[in-house]
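Student: quick one, structure for this:
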Amino acid sequence: MSSEGAEETFEASTERLAKIVEELEQGDLPLERALALFEEGVKLARRAQERIDQAEKRVEELLGFDTSGQPVAKPMQASTEEEP
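Tutor: Next comes the predicted model:
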């Protein structure tokens, strides 16, 4: 796929992660291949979470401005409703 350290979009990362999960769930992989896929998946998941964290921070910064025109951060509320 792409070289280590190359920036991928969030969508490309999550798409690759889904393919990794699908391949691992088949369960017929040699141990070394399964470990390599698992490691790649963990790295992708961490990068995706970092991007989500950055996006949340940016949204917080854009929610409002104070009297001097500076952005006012309002903490995002975590949803308490469970997704179906």
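Student: poorly predicted segments of the protein, please.
Tutor: Confidence mapping of the chain against pLDDT under 70 gives the ranges 1-7, 64-66, 71, 73-84.
Student: helices along that one, start to end?
Tutor: Under the criterion DSSP state H, helices of the chain are mapped to 10-26, 31-62.
Student: center of the chain, which residue is that?
Tutor: Closest to where the C-alpha atoms of the chain average out (C-alpha atoms, centre = their mean) is residue 48, at 1.7 Å.
Student: report the contact partners of it.
Tutor: 10, 13, 14, 17 (C-beta atoms under 8 Å, 6 or more residues apart in numbering). All C-beta atoms are positioned from the backbone trio N, CA, C, and that covers glycine.
Student: could you do residue 41 as well?
Tutor: 17, 20, 21, 24.
Student: please repeat the previous calculation with a cut-off of 7 Å.
Tutor: 17, 20, 21 (C-beta atoms under 7 Å, 6 or more residues apart in numbering).
Student: ditto for residue 19
Tutor: So residue 19 contacts nothing (C-beta under 7 Å, 6+ apart).
Student: excluding residues flanking it in the chain, which one is nearest residue 37?
Tutor: With sequence-adjacent residues excluded and distances taken as C-beta to C-beta, 6 or more residues apart in numbering, residue 37 is closest to residue 20, at 5.0 Å.
Student: picking up where we left off before, mind putting the helices of the chain into a markdown table with distance to residue 72?
Tutor: Shown next, in a markdown table, are the helices of the chain (distance: least, C-beta to C-beta, whole Å):
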| stretch | distance to residue 72 |
| --- | --- |
| helix 10-26 | 26 |
| helix 31-62 | 8 |
